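> any chance you could fold what I've pasted below:
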Amino acid sequence: MPVKHVRNAYEAALTMTAVLLSYSLALWLEDAAALHTDVLVLAVALTLPLARAQRTADARGRLIACVLLPALAGAATLLGHLIADHYALGAAVFTLAISLPVWIRRFGPAAAKAGTLMTLPLVALLVVPGPALPPGAQSALVNWGWSAVIGLLACGCVWLVQMSADRLGPWQPDPEPDRPRRASRLRPVPSTRMAWQMAAAVAAAFTLGRLLFDHHWPWMVLTVYVVASGNRGRADVIRKGVERLGGACAGTLLATAVAAAGITGRTSVVLIFAVLAVALWLRPLNHAYWAAGMTTALSLLLGYFGQDAQDLLPTRLEAIAVGALLAIASACCVLPIPRRRTAAPSPA
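Below you'll find the predicted structure:
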């Protein structure tokens, strides 16, 4: 097996160790404080991307995350309630909140890292399946304070696992490339254009998502974010859109087979973590693997919460397809970035 694949497996194992530790602590907290199952999903949804974002962070960066992420997780919970009670207003606030981290990249690497932290709770908000919770939990979702606790727990687990790996493990994380910043002559600058593209696509996803898919609108919004984030131009967005759709189709077939086998309960939870581990391992090779793994894991999660995941899979595919098309259309029509600018080392 090539060394690259072994290294990818090692990094995936570190991430899953942090995720399982966070999940275990959240499970204990759920029982001790009589909370609801959504704390477990929130713990995984925050820890999984945080482990990737913090892999090369220094102590100062990790301390900043420990301060910012809990506050942002609590704020995202309040935003979730706002969307549930006042959909249009909540959608507008979410659209602004998810676009702001893209715009602030113009201020350099520190601002870009802060922006990454800002997006994590927002993405988690799209993953935590509020409508899939048991009816008794609908009026008793975890409040912002408990969400902040889960955010702090995620930071602590990621820090502990990665710090231990850096001291005892066989590999050190690859340092981030030192890219000199150059002022862009493009006006508006690329980060502003990307922010407008993100805002337009997310706003359209909220509107069409509610009209076409009712309370399953998060699937479309999440797809728009995944396809549009970090784009390097129209070709890059089209490529990611096609990869996500292809991966989602593969994940749909796998989830259908799992549902047909009647796998439920704790066995499905174990399978969710196994699927995520494999998807993390293969993610550096192609984004389609990650899309397939996430589609499968989310489908299994819906089944765990009592929804008929097999019947909902066509709806999920439709939402992913429409979301990908929205992201591609926005990148091509809303202040498109000229191809000659996409290689610029600076996001601004």
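> how close does Ala32 sit to Leu20?
19 Å (C-beta to C-beta, to the nearest Å). C-betas here are computed from N, CA, C, even on glycine.
> more neighbours: these two, which one.
The neighbour count for Ala32 versus Leu20, taken as other C-beta atoms under 10 Å, is higher for Leu20 (16 against 8).
> what's the nearest residue to that one if we skip its chain neighbours?
Distances taken as C-beta to C-beta, 6 or more residues apart in numbering put Phe273 closest to Leu20, at 6.8 Å, once the chain neighbours are dropped.
> so the one you found touches Met16, yeah?
Yes: judged on C-beta atoms under 8 Å, Phe273 makes contact with Met16 at a distance of 6.8 Å.
> and the pLDDT for Ala34?
Looking at Ala34, its pLDDT reads 78.
> how about it, phi and psi?
Main-chain torsions, Ala34, degrees, to the nearest 10: phi 60, psi 50.
> Ser229 now?
Dihedral angles (degrees, to the nearest 10) for Ser229: phi -70, psi 140.
> burial count for the nearest residue to Arg283 once chain neighbours are set aside?
Spatial nearest neighbour of Arg283, excluding adjacent residues (C-beta to C-beta, 6+ apart): Trp290 at 4.3 Å. By other C-beta under 10 Å, the residues close to Trp290 number 21.
> which SSE is immediately downstream of the helix or strand where Trp290 lies?
In this assignment (DSSP states H and E), Trp290 forms part of helix 287-304. Proceeding N to C from helix 287-304, the next assigned helix or strand is helix 309-333, under DSSP H and E.
> so the closest residue to Trp144 other than its chain neighbours is in which element?
With C-beta to C-beta, 6+ apart as the criterion, Trp144 has its nearest non-adjacent residue at 3.6 Å, and that residue is Gly74. Using DSSP H and E, Gly74 sits in helix 59-85.
> show me which residues of that helix are buried.
Neighbour counts using 16 or more other C-beta atoms under 10 Å place 61-62, 64-66, 68-70, 72-77, 79-80, 82-83 of helix 59-85 among the buried residues.
> other SSEs contacting it?
Helix 59-85 is packed against helix 38-53, helix 87-103, helix 109-127, helix 144-168, with contacts defined by 3 or more C-beta pairs under 8 Å, 6 or more residues apart in numbering; DSSP states H and E.
> list the contacts of the second one.
Right, helix 87-103. Residues from elsewhere that reach helix 87-103 (C-beta atoms under 8 Å, 6 or more residues apart in numbering): 79-80, 82-84, 114-116, 118-119, 122, 125, 191-192, 194-196, 198-199, 202-203, 206-207, 210, 221, 225, 229.
> for that helix, buried residues please.
Buried residues in helix 87-103 (16+ other C-beta under 10 Å): 90-92, 94-95, 97-99, 101-103.
> and if you look at the last one?
Neighbour-count burial for helix 144-168, counted by 16+ other C-beta under 10 Å, picks out 144, 146-159, 161-162, 165.
> mean confidence (pLDDT) on the helix holding Trp290, please.
Helix 287-304 shows an average pLDDT of 80 in the prediction.
> how far off centre is that helix?
Computed by C-alpha atoms, centre = their mean, to the nearest Å, the chain-centroid distance of helix 287-304 equals 12 Å.
> compare neighbour counts for Phe273 and Met16 and give me the winner.
Met16 (22 against 15).
> what is the burial count for the nearest residue to Val227 once chain neighbours are set aside?
Distances taken as C-beta to C-beta, 6+ apart put Ala327 closest to Val227, at 3.8 Å, once the chain neighbours are dropped. When counting by other C-beta under 10 Å, one arrives at 31 neighbours for Ala327.
> which pLDDT value goes with Ala327?
Ala327 carries a pLDDT value of 88.
> same deal with the one 10 residues further on?
Taken from the predicted model, the pLDDT recorded for Ile337 is 74.
> where does pLDDT dip in this structure?
Along the chain, segments meeting pLDDT under 70 span 1, 129-143, 175-186, 231-233, 259, 264, 306-310, 339-348.
> so which residue is dead centre in it?
Val123 (4.6 Å; C-alpha atoms, centre = their mean).
> how near is that one to Thr116?
10 Å.
> show me the domain layout of this structure.
1-172, 188-335 (automatic domain parsing).
> buried deepest among the ones you listed, which one?
Ranked by mean neighbour count under mean count of other C-beta atoms under 10 Å, those are led by domain 188-335, which reaches a mean of 20.
> for it, the distance to its chain's centre please.
Worked out by C-alpha atoms, centre = their mean, domain 188-335 lies 10 Å from the chain centre.
> can you give me the end-to-end span of that domain?
8 Å (C-alpha to C-alpha, to the nearest Å).
> if we can go back for a sec, and the residue nearest to Trp144, how far from Leu68?
11 Å.
> for the closest residue to Pro121 other than its chain neighbours, give me its contacts.
Counting by C-beta to C-beta, 6+ apart, Pro121 lies nearest to Ala76, which is 3.6 Å off, once chain neighbours are set aside. By C-beta under 8 Å, 6+ apart, Ala76 lies in contact with 121-122, 124-125, 147.
> ok, now with 10 Å
42, 46, 94, 97, 118-126, 128, 144, 147-148, 151 (C-beta atoms under 10 Å, 6 or more residues apart in numbering).
> Ser22 now?
Taking C-beta under 10 Å, 6+ apart as the test, what Ser22 contacts is 40, 42-44, 46-48, 50-51, 150, 153-158, 161.
> give the helix, strand or coil label for it.
helix (DSSP: H, G, I helix; E, B strand; the rest coil).
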